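> Whatever this is, show me its structure:
(chains A and B)
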Amino acid sequence: MTWTIEGSTGAWEIVVGLEVHAQVISKAKLFSGASTLFGGEPNSQVSLVDAGFPGMLPVINHECVAQAVRTGLGLKAQINLMSRFDRKNYFYADLPTGYQISQFVHPIVGEGKIEIELADGTTREIGITRLHLEQDAGKLMHDQDPTRSFVDLNRAGVALMEIVSEPDIRSPEEAGAYLRKLRQILRYLGTCDGNMEEGSMRADVNVSVRKTGEAFRTRCEIKNVNSIRFVTQVIPIEAMRQIEIWESGGEVDQETRLFDPGKGETRSLRSKEDAHDYRYFPDPDLLPLVIERSWVDELAAALPELPDEKRARFQTEYGITAYDAGVLVAEQATADFYEAVAKGRDGRSAAAWMTGDFFAALNRMSRGIEESPVSADALGGMLDMIADGTINGKIAKEVLETMFETGESASDVVERKGLRQVTDTGAIETAADEIIAKHADKVAEYKSGKDKLFGFFVGQVMKATAGKANPAMVNEILKARLDG
Amino acid sequence: MALDPATARRVAKLARIGLNDQELETVRVQMGSILDWIGMLDEVDVENVPPMTGTEHVTLRQREDVVTDGGRAEDILSNAPDRAGAFFTVPKVVE
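Okay, here's the model as predicted:
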């Protein structure tokens, strides 16, 4: 179904394309030997190249090139064996050289695609136009002094990948799904940590509106939207602004805008009116970047299994649903944990426990899976005790909770608390007989057709045995007595 | 190729160079001559000739991903016209 906004002249469709800046994971910067670590002392991770001193020459970091190629491969994109660097000229206090080294005409990665999943279970393919390598700028701080802005160049020159999508996105939900999927792929590849809060992934959002079947209308670019939530918020806000202009007979100007989440509006960035006049030209300091097909093939062979493939494999190998598989592959660490639990065990039961009580307990403790007090081995041990009949599912919940609290193994908890399942027929029969004798009225009701009361008897027997009775045996014994 | 005054003014603005009308006129004429001189290259037919990007190394030299620089904030700041601690400072540029 198409997502539309209702205006006074009818329904409008939205057209969105995203430009994502993803900080490359590398030790040193794109063209210098200074460190990329976050949070260093001001200007302590800056080389003379980054600071734009005269006569300094850039030398490209091989690993940054490899990271861009890996990302291109992960996006099923064309890898360009010849690419080139251009200077993008603009004047700003965070850019000491007065130009950013970027790739304009010949990017290292060409067309690719990302498959996104939507809440209704459908999937859509979003095209990738290109991916290119470029330098990040320095950081400006405006709140330190009444008349001056402070400049820290530690980030200047760190490698970024700019990943540009086709204008294929048609709803805020699709934009969110695209960003989540892109971030997931980058994290799996280990090419960007995807942390939007620290600014290592930022999005520029291009929005336009049109009547169904029309060609594209003028778009506006909303710069530096720094969370997925803000991206999904800004799209309808900006679309509505444009619809109002068109419907009142006006014309939308192509311009750069800024999102103000507090006010819930976008506003024009007038200072950027010359911003698109970048006077690109090939950087005379840098020869074309030529890479070998054989090297690209080596990188391809060493790529990790990506989320789409992993999810498909989980479904066939462990017999779990597409939904559960999707949840379990969301993060690499979760997927690895699941596989350690599911290997050699019932995959469905492992998935049910992980997506249920296990995640719930982690959430309560607000811990990530890496800091889980219950290891994959320990969770597996508990599943083994359910599988061999030592404990039943209800008791297992209690056991797992205790494991989270004390860090004990399942078998230790079961021994210490005496939670072994009662499989002694005599003991269960005695309990059943007592319950039946005690509730003669309910027995009569049941026999006169109130079938639902069966659950009451099961509950009473379980209670009498402190939850430890084997539920299948309880059912069987009660059936024999009540229906016989 | 003669450059019109509006273009000359725009180029100066993009480069953040402040010029009065008389200076702008001088620069406009000079830039026009430079463009004419460079324009002579258009007389050469380079149809189907791949761009020449250098005369020595055929491809870009690459560097290993190792931190070899940094920890020299004083060097970096040595020419700063104004600073605060280890920061450069500039007139406030927030909107």
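> Low-confidence regions, chain B specifically.
For chain B, applying pLDDT under 70 flags the ranges B:53-58, B:94-95.
> Longest strand in it, by number of residues?
strand B:87-91 (DSSP state E).
> Who are the packing partners of that strand?
strand A:148-152 (3 or more Cβ pairs under 8 Å, 6 or more residues apart in numbering or on different chains; DSSP states H and E). Just so you know, the C-beta spots here come from the backbone N, C-alpha and C atoms, and that holds for glycine as well.
> The strand it packs on versus strand B:87-91: what angle between them?
140 degrees (axes from the mean of the first three to the mean of the last three Cα atoms, to 10 degrees).
> Please name every helix or strand in contact with strand A:148-152.
strand A:139-141, strand B:87-91.
> give me the low-pLDDT residue ranges for chain A?
A:1, A:270-276, A:484.
> can you list the domains in it?
The record's domain split for chain A, according to automatic domain parsing, is A:4-297, A:305-417, A:425-483.
> Out of those, flag the one nearest residue B:67.
domain A:4-297 (4.5 Å; Cβ to Cβ).
> mind checking how far that closest one is from the chain centre?
Distance of domain A:4-297 from its chain centroid, counting by Cα atoms, centre = their mean, to the nearest Å, is 18 Å.
> so what's residue A:345 closest to, chain neighbours aside?
Computed as Cβ to Cβ, 6 or more residues apart in numbering or on different chains, the closest residue to residue A:345 that is not its neighbour in sequence is residue A:383, at 5.4 Å.
> ok, back up a step: now do the buried residues in the longest strand of chain B.
Neighbour-count burial for strand B:87-91, counted by 16 or more other Cβ atoms under 10 Å in any protein chain shown, picks out B:87-90.
> Equivalent analysis for stretch A:366-379, please.
Going by neighbour count (16+ other Cβ under 10 Å), the buried part of stretch A:366-379 is A:369, A:372, A:374, A:376, A:378-379.
> Which pair of those residues spans the longest distance?
Farthest pair in the buried residues of stretch A:366-379, by Cβ to Cβ: A:369 and A:378, 13.1 Å.
> Who does the longest strand of chain B pair with, and is each partner parallel or antiparallel?
strand A:148-152 (antiparallel), strand B:83-84 (antiparallel) (DSSP bridges).
> So which of these is nearest residue A:243?
Using Cβ to Cβ, the nearest of these to residue A:243 is strand A:148-152, at 36.7 Å.
> Next SSE downstream of the closest one?
Note on strand A:148-152: by DSSP states H and E, the next helix or strand toward the C-terminus is strand A:159-165.
> packing partners for the helix or strand following that following strand?
Counting by DSSP H and E, the next helix or strand C-terminal to strand A:159-165 is helix A:172-189. The contact analysis (3+ Cβ pairs under 8 Å, 6+ apart) places helix A:172-189 against strand A:10-23, helix A:62-74, strand A:112-117, strand A:123-135, strand A:201-210, helix A:228-247, helix A:307-318.
> and with 7 Å instead?
The contact analysis (3 or more Cβ pairs under 7 Å, 6 or more residues apart in numbering or on different chains; DSSP states H and E) places helix A:172-189 against strand A:10-23, helix A:62-74, strand A:112-117, helix A:228-247, helix A:307-318.
> where do the helices sit along the stretch 251-400 of chain A?
A:293-301, A:307-318, A:322-329, A:332-342, A:347-353, A:359-364, A:376-387, A:393-406 (DSSP state H, counting those that start in this stretch).
> longest helix in chain B, by residue count?
In chain B, with assignment by DSSP state H, the single longest helix is helix B:21-39.
> hmm, back to that, may I see the helices and strands packed on helix A:172-189 arranged in CSV, with mean neighbour count and distance to chain B as well?
As requested, the helices and strands packed on helix A:172-189 are exported to CSV (neighbours: other Cβ atoms under 10 Å in any protein chain shown; distance: least, Cβ to the nearest Cβ, whole Å):
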stretch, mean neighbour count, distance to chain B
strand A:10-23, 20, 14
helix A:62-74, 23, 3
strand A:112-117, 19, 24
helix A:228-247, 19, 18
helix A:307-318, 17, 26
